[in-house]
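Q: Got a sequence here, can you build the structure:
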Amino acid sequence: MANYNKVILVGNLTRDPEVRYTPSGTAVAHFGLAVNRTWRSAEGENREEVLFIDITAFGRRGEIISEYCHKGDPILIEGRLQMESWQGQDGQRRTKHVVVVDQSQFLGRRGDRGESGPPPQRQSAQPRPNRQAPQEPPPPAEPPEEDSFGGDDIPF
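A: As a prediction, the model looks like this:
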């Protein structure tokens with residue numbers, strides 16, 4: 001039997017991403033996502049349901065999400081379901097499903113007017129390291145001497 005584990009979600013962050021690092025140096029970002037569902041009941045009443053989902057992003061993707069996304073920001077997440085388990089303080093075995101991010105896309109923040117490009121950096125985000133100014137291109141190579149083409153021996 002074939003297996004398929006794919007989740008695509010669009011929602012708003014419920015808290016700022018929290019980044020920790022494994023002993024090997026891999027970044028692990030944890031955050032929550034609220035996904036809304038609206039529908040009209042049989043009585044014609046508008047209804048809304050909110051689903052809260054725990055999200056985990058590894059490596060550079062986790063660092064980027066942590067740097068640019070904050071509570072309330074909309075984001076598209078593509079990933080897979082994974083079950084986490086641990087033993088609670090009461091000794092009981094506990095489990096929960098989380099979505100592990102494979103791909104993500106930042107969406108316009110509330111109040112944006114459809115502007116594209118990377119989201120603006122917030123005051124609380126760490127400053128980006130200074131990048132070196134682009135170097136000037138090397139001077140053009142000198143044109144080859146006519147003798148290197150064989151002079152009048154060019155067949156065209």
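Q: contacts, neighbours, all on C-alpha from now
A: OK.
Q: All the strands of this structure, in order from the start?
A: For the chain, the strands defined by DSSP state E cover 7-13, 18-21, 27-40, 46-58, 74-87, 93-106.
Q: any chance of those in a markdown table, plus distance to Ile65?
A: A markdown table is the format used below for those (distance: least, C-alpha to C-alpha, whole Å):
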| stretch | distance to Ile65 |
| --- | --- |
| strand 7-13 | 11 |
| strand 18-21 | 10 |
| strand 27-40 | 8 |
| strand 46-58 | 8 |
| strand 74-87 | 9 |
| strand 93-106 | 8 |
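Q: Now render the ones you listed as CSV, adding mean pLDDT.
A: What follows is those, written out as CSV (pLDDT from 0 to 100):
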stretch, mean pLDDT
strand 7-13, 96
strand 18-21, 96
strand 27-40, 95
strand 46-58, 95
strand 74-87, 95
strand 93-106, 94
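Q: Switch these over to CSV; also include mean neighbour count and distance to Met1.
A: Converted to CSV, those look like this (neighbours: other C-alpha atoms under 10 Å; distance: least, C-alpha to C-alpha, whole Å):
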stretch, mean neighbour count, distance to Met1
strand 7-13, 18, 20
strand 18-21, 16, 37
strand 27-40, 17, 31
strand 46-58, 15, 28
strand 74-87, 15, 19
strand 93-106, 16, 23
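Q: List the contacts of the nearest residue to Val10 once chain neighbours are set aside.
A: By the measure of C-alpha to C-alpha, 6 or more residues apart in numbering, the closest residue to Val10 outside its immediate chain neighbours is Leu76, 4.4 Å from it. If a contact means C-alpha atoms under 8 Å, 6 or more residues apart in numbering, then Leu76 has 8-11, 104-107 as its contacts.
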